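K.L.:
sequence below, structure please.
(2 chains)
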Number of protein chains: 2
Amino acid sequence: MTATALTGAMFLGSKRVAGDGTEVRAIDPRTGEQLEPTYRQGDASHVEYAARLAAEAFGVYRETTPEQRASFLDRIADNIDALGDTLVDRVVRETGIVEPRVRGEMARTTNQLRLFARVVREGSWAGARIDPALPDRMPLPRPDLRQRKVPLGPVVVFGASNFPLAFSVAGGDTAAALAAGCPVIVKAHNAHPGVSELVAGAIADAVATSGLPEGVFSMIFGSGSGVGIGLVSDPRVKAVGFTGSRQAGLSLMAAAASRPVPIPVYAEMSSINPVFLMPGALAADAEGLAAAYVASLTVGVGQLCTNPGLVFAVDGPDLDRFLEAAGAAVTQSPALPMLNPGIQRSYTEGVARLQDLPTVTEVGAGGVDEAIAAPGQAHVFATSVTDFSAEPAMREEVFGSSSLVVRLGDAGDFAAAAGDLEGQLTATVHAAPSDYAAAAGLVPALEDKVGRIIFNGWPTGVEVSHAMVHGGPFPATSDGRSTSVGTLAIERFLRPVAYQDLPAELLPPVLAAGNPLGAWRLVDGELTRG
Amino acid sequence: MTATALTGAMFLGSKRVAGDGTEVRAIDPRTGEQLEPTYRQGDASHVEYAARLAAEAFGVYRETTPEQRASFLDRIADNIDALGDTLVDRVVRETGIVEPRVRGEMARTTNQLRLFARVVREGSWAGARIDPALPDRMPLPRPDLRQRKVPLGPVVVFGASNFPLAFSVAGGDTAAALAAGCPVIVKAHNAHPGVSELVAGAIADAVATSGLPEGVFSMIFGSGSGVGIGLVSDPRVKAVGFTGSRQAGLSLMAAAASRPVPIPVYAEMSSINPVFLMPGALAADAEGLAAAYVASLTVGVGQLCTNPGLVFAVDGPDLDRFLEAAGAAVTQSPALPMLNPGIQRSYTEGVARLQDLPTVTEVGAGGVDEAIAAPGQAHVFATSVTDFSAEPAMREEVFGSSSLVVRLGDAGDFAAAAGDLEGQLTATVHAAPSDYAAAAGLVPALEDKVGRIIFNGWPTGVEVSHAMVHGGPFPATSDGRSTSVGTLAIERFLRPVAYQDLPAELLPPVLAAGNPLGAWRLVDGELTRG
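P.N.:
A predicted model of the protein is given here:
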């Protein structure tokens, strides 16, 4: 059974250890109340110990069978489910996220673990390839060559503030790394320490129950610049997963690149998720689009990585209707608690920077509520494309329910606007059939800039599935060749190894004769499960 | 028809343009003769022009059909074949590589282009994934999600000195990038400018004959620090392929990481390719292993990335027999011209560093030949594991036919020796059945360190096939998640994009209903070609 009592501890393998550094206290953003218990940051000795345990565990964990790893992932999911209301209540108290969203995120998190369990069992993730020997080939024989993917080694995962379950201790990066065969050390986010302890307990219990070495999982509290950089710099750590601010992500990238042996960093950093309202779609339903836009903008108090922070549309009566309706809708949106006072402060400053620009007008603002300790007030702004082009501050992410509508001169400006953007997680196009010809020209420009292109929908809501890409070119992420959501994420923690003329006795099962694992394999260039 | 006359020019798209910088002259390393014509380095204006052409061409080239790209690759191969003896003769003169090896490398290069053509036609490289919509799913419907891989954009490829065809202008990185849909700008290697011009002409002709925009291919001469860094720093360049020295590779990595928008660098840098002679195998045939070892060591005058530069074996009578036979064999190996005087100088210095170490003994040295301008003399050295551990200089690559045999105390030292190594392209194990149990313990340590594990063979000879991995952890390469040889190499120049609810009219063919390209696709988690 996973413990449900909070002890204020970190997890170094199977041991609960209290840090002795700076105090870490969760704050209920609804009330400002400091929550019990007190946590404390770890230090270099905890980093050293967790890294040693992880490196030791890797030797055993990498050799586990797919079924062992899959059962372990399922068990983590079961343990999280078993935490039930205890976990839901703690998330609500530490983050202010409303209960239905917490329950949804909890289901997403356990579904994600179970999805990776299925991926591991299915076996194609190993990328098996076999080129049989051609002993009679002239002028030289071909050796027997086999390829599979192997895990990189211990992975450090940084918990994110805005998804205390799905992008945190047992979130997507942890699930993908464990699925790949990599031990995980989590640098927990200081804003939800109790949630982190509960989920870490669920994982640690699954490690023990599964008979795995304790170093498969550890969790440490600490600062990004201390424990965080310490973990990224440890020679036993082989990859990093991170979701957070651009500044923090850049510092992790720099630390990883300056190691004697550089390692991959998968940092998701910032995105303003442009929306392109094409003329036909805008003319057809300006009011409906405005309502859906404000709903997407305000969901999760705007604290989603895919929040629609930027809208492009051609100036004119249809856009005026859209703005009028959006202004009305945003005015109706109540103030809700943001995740924590620090995020609320940053958001308020970002909004003030936009309000202070003479070239920006405020279309509408949501409600205020002084009873909330860290209230988030929604804002919709507007500007012209000329002013937008001239003011770099308008392209900066304001994390929260703030969005800027840019009035374009004509429909020919869409592609230019897309081309001028930095890398993004998503781009959204609203297009009626009459817009498709123009949209076809816009799609390649968007492919260069984003990881996901959405038509006639909204970017918030990230499906955990096989075809999802939650990634994108820099600075949306540090490595646009990857995704942090969906089953393709397992590849971030793998690398290929070829085996030439290995004796049959030594071949890993996924490459063995007769395909004992039943995985898809590329044999002499043909995919087969035979 | 591809031109066979040398003009001393670079290729900026379809235009032959002479550089106006430092003179670039090939030297026949057999005779020291300076070869005509004179080439000159390009400058920043050539970088700017080539990058602009490539960026313009990308918009068209990325949208070509698989068949168009495949036919283009086939045409490049045909054009290179058509150069025939003109090309072979020029390679021999510019590099001193013996004619049979040149013909072999030429066949490998054209086979490689045709292999990538087949890969492009087959279609699975696009990594198509489709998660159909589930409109009735509760609590939320699932949108239609489709994923494919798209090309990164213009790629810069650095020609290597030691494979003037297979790792140069139309080598593996060029073939993989063009297959992926990326325009290529080659920074030609200054040691084989005539070969580079001939092959560039073959590609430029194929670009024109295929009706592609000229910017799909350019080639510039220049220094690494000037034109090279200039290309890597250009904002329109999206990835880099490089094979060469560690110092040069590290400088490219640093330049790419310090761009406002960092890009992937695939640099193959250095490898000493350890060989583990296990006791049973050594006892069974010490003399046969020694002969094969010296043959692998001296092929290509030792100038292969997979040259066996380091051998581990347990001290004792069997190793004495091996060393005696290796010493005799290396003494019989004639001096042969190295690629160029610069490489010969570095090699001689590296050998002298080993000879100056009091803890290294010379087992044998090959012939000398003062009639050769840049002769390469083979060397086999030996040392003890204690001395090896104490002297970092013994782990440095000496590019050429120099190898060091390390005497281990006992068979338990193999895994420790493997664990102490830097990342390598290959590791080779010679094992009799009586060694398999020990070898099974060694394999995981090698998986952590290398890209390819060879049993009972030799690392030289790199098959171009589906299962090959020519890569490995840093510093063997800058990115151990990739390979520079074999069909998996196409993935280095691709990234995934997801499409959510795209209208059928706008879907790329590989994701369209009915699977018009007949590619393997992951539909709802199941691979299918239907």
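K.L.:
host element of residue A:81?
P.N.:
In the assignment (DSSP states H and E), residue A:81 maps to helix A:66-95.
K.L.:
which strands or helices does the helix or strand just after that helix pack on?
P.N.:
Following helix A:66-95 in sequence order, the next helix or strand is helix A:99-122 (DSSP H and E). Secondary-structure packing of helix A:99-122 (3 or more C-beta pairs under 8 Å, 6 or more residues apart in numbering or on different chains; DSSP states H and E): helix A:66-95, helix A:172-180. In short, each C-beta sits where N, CA and C put it, glycine included.
K.L.:
list of residues touching helix A:99-122?
P.N.:
With contact meaning C-beta atoms under 8 Å, 6 or more residues apart in numbering or on different chains, helix A:99-122 is reached by A:66-67, A:69-71, A:73-74, A:76-78, A:80-81, A:87-88, A:91-92, A:95, A:97, A:125, A:163-166, A:170-172, A:175-176, A:178-179, A:300, A:464-465, A:487, A:490, A:519, B:139, B:525.
K.L.:
and for stretch A:515-527?
P.N.:
With C-beta under 8 Å, 6+ apart as the criterion, stretch A:515-527 contacts A:66, A:122-124, A:126, A:128-132, A:509-511, A:528-530, B:118, B:122, B:124, B:466-467, B:487, B:520, B:527.
K.L.:
so for it, what gets flagged as buried?
P.N.:
Neighbour-count burial for stretch A:515-527, counted by 16 or more other C-beta atoms under 10 Å in any protein chain shown, picks out A:515, A:517, A:519-523, A:525.
K.L.:
returning to that earlier point: now do the buried residues in the helix holding residue A:81.
P.N.:
For helix A:66-95, a neighbour-count test (16+ other C-beta under 10 Å) marks A:66, A:69-80, A:83, A:86-88, A:90-95 as buried.
K.L.:
heading C-terminal from the host helix or strand of residue A:405, find the next helix or strand.
P.N.:
For residue A:405, the element it lies in under DSSP H and E is strand A:402-408. Next helix or strand after strand A:402-408 toward the C-terminus (DSSP H and E): helix A:413-419.
K.L.:
what about that next one, average pLDDT?
P.N.:
For helix A:413-419, mean pLDDT rounds to 93.
K.L.:
and residue A:146, what element?
P.N.:
strand A:145-151.
K.L.:
same question for residue A:311.
P.N.:
Assigned by DSSP H and E, residue A:311 falls within strand A:310-314.
K.L.:
same question for that strand, mean pLDDT?
P.N.:
98.
K.L.:
do the same with stretch A:87-99
P.N.:
Stretch A:87-99 shows a mean pLDDT of 97.
K.L.:
with stretch A:373-385 instead?
P.N.:
pLDDT averaged over stretch A:373-385 gives 97.
K.L.:
now do the buried residues in that stretch.
P.N.:
A:373-385.
K.L.:
distance to chain B and secondary structure added to those residues, as JSON lines?
P.N.:
Shown next, in JSON lines, are the buried residues of stretch A:373-385 (distance: C-beta to the nearest C-beta, whole Å; DSSP: H, G, I helix; E, B strand; the rest coil):
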{"residue": "A:373", "distance to chain B": "30", "secondary structure": "coil"}
{"residue": "A:374", "distance to chain B": "28", "secondary structure": "coil"}
{"residue": "A:375", "distance to chain B": "27", "secondary structure": "strand"}
{"residue": "A:376", "distance to chain B": "23", "secondary structure": "strand"}
{"residue": "A:377", "distance to chain B": "27", "secondary structure": "coil"}
{"residue": "A:378", "distance to chain B": "22", "secondary structure": "coil"}
{"residue": "A:379", "distance to chain B": "26", "secondary structure": "strand"}
{"residue": "A:380", "distance to chain B": "24", "secondary structure": "strand"}
{"residue": "A:381", "distance to chain B": "26", "secondary structure": "strand"}
{"residue": "A:382", "distance to chain B": "26", "secondary structure": "strand"}
{"residue": "A:383", "distance to chain B": "24", "secondary structure": "strand"}
{"residue": "A:384", "distance to chain B": "26", "secondary structure": "strand"}
{"residue": "A:385", "distance to chain B": "22", "secondary structure": "helix"}
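K.L.:
quick one, helices of the stretch 401-530 of chain A?
P.N.:
A:413-419, A:436-447 (DSSP state H, counting those that start in this stretch).
K.L.:
any buried residues in the shortest one, and which?
P.N.:
Read it as helix A:413-419. Along helix A:413-419, these residues count as buried under the neighbour rule (16+ other C-beta under 10 Å): A:413-415, A:417-418.
K.L.:
likewise for the longest one?
P.N.:
Within helix A:436-447, the residues that count as buried by 16+ other C-beta under 10 Å are A:436, A:438-439, A:442-447.
K.L.:
now that helix, how far from the centre of its chain.
P.N.:
26 Å (C-alpha atoms, centre = their mean, to the nearest Å).
K.L.:
repeat for stretch A:138-154
P.N.:
32 Å.
K.L.:
send the alpha carbons of that stretch over as CSV?
P.N.:
What follows is stretch A:138-154, C-alpha atoms only, in CSV (Å, rounded to 0.1, in the frame of the first residue of the first chain):
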residue,chain,number,x,y,z
MET,A,138,30.7,-10.6,-54.1
PRO,A,139,33.1,-8.9,-53.8
LEU,A,140,32.7,-9.2,-50.0
PRO,A,141,30.3,-11.2,-47.9
ARG,A,142,27.8,-9.3,-45.8
PRO,A,143,27.9,-10.0,-42.1
ASP,A,144,24.8,-10.6,-40.0
LEU,A,145,23.8,-7.1,-38.8
ARG,A,146,21.1,-6.4,-36.2
GLN,A,147,20.0,-3.2,-34.6
ARG,A,148,17.9,-2.3,-31.7
LYS,A,149,17.4,0.7,-29.4
VAL,A,150,18.8,0.7,-25.9
PRO,A,151,18.0,3.1,-23.0
LEU,A,152,20.3,6.1,-22.5
GLY,A,153,20.7,5.7,-18.8
PRO,A,154,19.5,7.6,-15.7
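K.L.:
near chain B, anything from it?
P.N.:
Yes: remark: stretch A:138-154 sits within contact range of chain B at A:139-140, A:142-143, A:145-147, A:150, A:153, by C-beta under 8 Å from any C-beta of the partner chain.
K.L.:
which stretches of chain A have low pLDDT?
P.N.:
Regions of chain A meeting the criterion pLDDT under 70 cover residues A:1-2.
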